[in-house]
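Sequence and predicted structure, then a few things I'm wondering about:
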Number of protein chains: 2
Amino acid sequence: MATLREIGAELGLSVATVSRALNGFPEVNEATRERVRQAADRLGYRPNRIAQRLVTGRSGMVGMVVKIKPDMSADQTFFEILTGLTAALSEREIDLVLAVDQGADPLQPYEKLLERGILDGFILNAPVRNDPRVDFLQARGIPFVLHGQDRADPHYATYGIDNAGVSTQSVNLLAQLGHRRIALLNGDLANAHAHDRRTGFLSAMAAQALEADLLREGATFESHGYTQALDLLAGPRPPTAFICTTTIVALGAMRAVQDRGLSIPHDISVMAHDDALPFTRAITFDPALTVTRVPMRDACTPLANMLVDHLNGTPADRLQVKLDADLIVRASTGPAPRGEI
Amino acid sequence: MATLREIGAELGLSVATVSRALNGFPEVNEATRERVRQAADRLGYRPNRIAQRLVTGRSGMVGMVVKIKPDMSADQTFFEILTGLTAALSEREIDLVLAVDQGADPLQPYEKLLERGILDGFILNAPVRNDPRVDFLQARGIPFVLHGQDRADPHYATYGIDNAGVSTQSVNLLAQLGHRRIALLNGDLANAHAHDRRTGFLSAMAAQALEADLLREGATFESHGYTQALDLLAGPRPPTAFICTTTIVALGAMRAVQDRGLSIPHDISVMAHDDALPFTRAITFDPALTVTRVPMRDACTPLANMLVDHLNGTPADRLQVKLDADLIVRASTGPAPRGEI
DNA sequence: GTCCAAATTCAAAACGTTTAGATCTTACTC
DNA sequence: GAGTAAGATCTAAACGTTTTGAATTTGGAC
């Protein structure tokens, strides 16, 4: 590995000039800059990140923490973000350091990574409500970008989707189709997005003058969708439509509907929010699933850009994006059945 | 963050002595060492990795590359290793840096990570035969540990399982049960492990004086297991037993057997190799699946240890582990049906 | 030719650590 | 009490970069 000193020796220049030439400082002669550039190319010079970091305090590395579940597996959505983000950051010459949250204390892996003193910032994902990681990093002045939003009025960089709006869009579509008994199969309310979906659902139902009594929450397993849907269908005033928090849950709900001998969308409409993860494609469902859709992967590049901007000094309050979901109507939703009230 | 200098100033010692005291050098007075330790504790001293690296050439960081498939998803087994390894390395005060292989050139992400000059070594996984990454890293003298084995006589650190032995164990079990028509549903032969399974299968069949004509290879999807098994069962001299390269493939094979109206294990025996990934548990199959078993996750701690040893100078030829798989006989294998030849 | 400002370039310090080699203490031997 | 060895600590250099402030060169104006 060539160093600045070697390039300097080659050209009879000081390290200082070589450094400035390569970093685009205005006070260096253009002819010199070109000579330096060529020598650097020829010698295969790569700046030593370690040395840069020691003097600038910037390392070009950011951290991310995988949260693993008790069964030692991690969330599919995490990996979706992880791979996309690594690629996006790599284009910006930033490396991603990984840590694992074994479950005990959500802050511990962040503390541990910070102790090393080698990170410029963090990407946070899957926030819970009023996420303690946000407070922790803000208190220490560590830059970060949150994928999602954990509180009403954030004072940090955040990139997420309008989860309340997801519910509103879904409710409005179904209400337009004449449905009055609409159920929400939500995720665990500890997660910020589930909370927002619930809030959005309640206000959208109220706006349509509908009773919002068919609300369930819990894990996002197929089996959970199945049992909750089955339970609701067996109730005294069953739903005619299901809004599911993920396509996996919708899979379970659809199975429940079919087990009851009902047809989709003739008797029951089913829709879901779709993160467009690789393994379950809503369009291949039978019938093809109506969804509100925001591909997870689409978040990677903007997230990387926001973090880079943030590291370069853009203040957090100018780095707040809240996307609307696309509404994609397919065959799993239809007019409410007649005779039902 | 306290520095050595601050501790030195506090105690009236030079940085050199403080450094030596904390690093356990023998020439420092025990009383002094204790004073230094306490001061370090009190001031919350953490060695600055960056500075350490600059002078020692070691960073305490290792790299790993995710290979993502054309559909932008990554292998489940990779993540299993990744999370386990990150945790295991973290206990050894080593951080893991991630990169993504977008598919074009398998060496490019390694080159890119190396250019940064911030890595001590690599963990390689999922080797293909005569893996070019091995040659690349060896040529550059970069330490690495390979999870698996890519060539017959490796001169590098490697931790893997005896894949030929997996086939031998499987064939021998089935032969003992009287099966003579044994099929192998193998993975893609580009992968080193599939090649070894094939080799082991051929020699084990030969040793049992059985004809090894029922060999299929390809992707490890459920659908692939299904179509291949269906095709073999429709042949002129169908198998009475299937050895599947993964439990997912076995799932497909079992579906094919049932679709043909045959029963497991009465008509057909099915077994598989089981990496014990979180999502498919062989014991919950119906009937419970006989497997050769080596949990992926068990490799994480040994891999981390081997890499650390290797970085500390243990020569590669003393770091070679080849595990035998456990044979777990469950309900999906039974005696060969009478009357078949 | 002299002077001044602008344009370049340089030398040196700094970041926090490790480590080679020098120096200072102490205790022991004769 | 001199000499020596061992024990403890120190000074200084090194790693490769950035950056401050000083030094040099250049070109014009007079």
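That came through fine.

how many neighbours does the closest residue to A:L137 other than its chain neighbours have?
Residue nearest to A:L137 in three dimensions, not counting chain neighbours: A:F144, with 5.0 Å by Cβ to Cβ, 6 or more residues apart in numbering or on different chains. The C-beta positions use only the backbone N, C-alpha and C, and glycine is treated the same way. Around A:F144 there are 23 other residues, counting by other Cβ atoms under 10 Å in any protein chain shown.

cool, and A:L307?
26.

One more: the one 5 residues further on?
Other residues within reach of A:N312, judged by other Cβ under 10 Å, total 9.

Also A:L124?
A:L124 has 22 neighbouring residues, counting by other Cβ under 10 Å.

got a pLDDT number for A:E340?
Looking at A:E340, its pLDDT stands at 46.

got it, and A:S59?
Value listed for A:S59 in the pLDDT field: 81.

A:Q76 too?
77.

Relative to B:F79, how far out is it?
Going from A:Q76 to B:F79 by Cβ to Cβ, to the nearest Å gives 9 Å.

And those two? Which one has more around it.
Remark: of A:Q76 and B:F79, B:F79 carries more neighbours, 24 against 18, as counted by other Cβ under 10 Å.

What parts of the stretch 1-150 of chain A come near DNA strand D?
With Cβ under 7 Å from any atom of the strand as the criterion, the stretch 1-150 of chain A meets DNA strand D at residues A:1, A:3-5, A:15-16, A:19-20, A:22-23, A:45-48, A:51-52, A:54-56.

quick one: which of the residues you listed sit in helices?
Per DSSP state H, helices hold the following members of these: A:4-5, A:15-16, A:19-20, A:22, A:51-52, A:54-56.

Just put those residues in a markdown table and tack on pLDDT.
Formatted as a markdown table, those follow (pLDDT from 0 to 100):
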| residue | pLDDT |
| --- | --- |
| A:L4 | 93 |
| A:R5 | 92 |
| A:V15 | 92 |
| A:A16 | 92 |
| A:S19 | 93 |
| A:R20 | 92 |
| A:L22 | 92 |
| A:A51 | 89 |
| A:Q52 | 88 |
| A:L54 | 86 |
| A:V55 | 89 |
| A:T56 | 86 |
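
now those residues as a markdown table including distance to B:E93?
A markdown table is the format used below for these (distance: Cβ to Cβ, whole Å):
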| residue | distance to B:E93 |
| --- | --- |
| A:L4 | 30 |
| A:R5 | 31 |
| A:V15 | 33 |
| A:A16 | 36 |
| A:S19 | 32 |
| A:R20 | 37 |
| A:L22 | 33 |
| A:A51 | 22 |
| A:Q52 | 23 |
| A:L54 | 19 |
| A:V55 | 24 |
| A:T56 | 24 |
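
quick one: which of those has the most company?
A:L4 (22 neighbours).

coming back round to it: and the residue nearest to A:L137, bridged to which residues?
A:F122 (DSSP bridges).

can you tell me which residues contact it?
A:121-124, A:134, A:137, A:156-157, A:307, A:310 (Cβ atoms under 8 Å, 6 or more residues apart in numbering or on different chains).

Next: A:R5.
A:V15.

what about it, distance to A:K67?
45 Å.

which residues of the stretch 101-250 of chain A score low on pLDDT?
Residues of the stretch 101-250 of chain A meeting the criterion pLDDT under 70: none.

In it, which residue sits closest to DNA strand C?
A:G117 (8.2 Å; Cβ to the nearest atom of the strand).

my guess is that residue contacts B:M1, does it?
Yes - shown here, A:G117 and B:M1 form a contact pair, counting by Cβ atoms under 8 Å, at 6.3 Å.

residue contacts, the nearest residue to A:A212 once chain neighbours are set aside?
Leaving out its chain neighbours, the residue that sits closest to A:A212 by Cβ to Cβ, 6+ apart is A:M205, at 3.8 Å. By Cβ under 8 Å, 6+ apart, the residues touching A:M205 are A:171, A:182, A:211-212.

distance of A:M205 from A:R198?
Distance of A:M205 to A:R198, given as Cβ to Cβ: 11 Å.

Pick out whichever of A:G117 and B:M1 has more residues nearby.
A:G117 (16 against 12).

Contacts only, for the more buried one.
A:G117 makes contacts with B:1, B:46, B:48-50, as judged by Cβ under 8 Å, 6+ apart.

Torsion angles phi and psi at it?
Main-chain dihedrals, A:G117, degrees, to the nearest 10: phi 70, psi 30.

how about the residue nearest to the spatial centre of chain A, phi and psi?
For chain A, the residue sitting closest to the mean C-alpha position, by Cα atoms, centre = their mean, is A:H147 at 4.3 Å. Reported as degrees, to the nearest 10, the phi and psi values for A:H147 are phi -90, psi 100.

Find the residue closest to it in space, skipping its chain neighbours.
Per Cβ to Cβ, 6+ apart, closest to A:H147 is A:N125, 4.3 Å.

Neighbours of that neighbour, how many?
Using other Cβ under 10 Å, the number of residues around A:N125 comes to 23.

Quick check: chain neighbours aside, which residue is closest to A:K67?
Per Cβ to Cβ, 6+ apart, closest to A:K67 is A:D101, 4.4 Å.

before we move on, back to that, show me the contacts of A:M205 that map onto strands.
A:I182 (DSSP state E).

Quick one, which of the contacts of A:M205 are buried?
Restricting the contacts of A:M205 to buried positions leaves A:171, A:182, A:212, with burial counted as 16 or more other Cβ atoms under 10 Å in any protein chain shown.

Of those residues, just say which sits nearest to DNA strand D.
A:V171 (53.0 Å).

ok, that closest one touching A:A204?
Yes - with contacts counted by Cβ under 8 Å, A:V171 reaches A:A204, the gap being 3.8 Å.

measure A:R46 to chain B for me?
5 Å (Cβ to the nearest Cβ, to the nearest Å).

where's A:V270 relative to A:A194, distance?
A:V270 is 19 Å from A:A194, where distance means Cβ to Cβ.

Looking at those two, which one has more neighbours?
Neighbours per residue, other Cβ under 10 Å: of A:V270 and A:A194, the larger number sits with A:V270, 28 against 21.

The more buried one belongs to a strand, doesn't it?
Yes - the assignment for A:V270 is a strand, going by DSSP: H, G, I helix; E, B strand; the rest coil.
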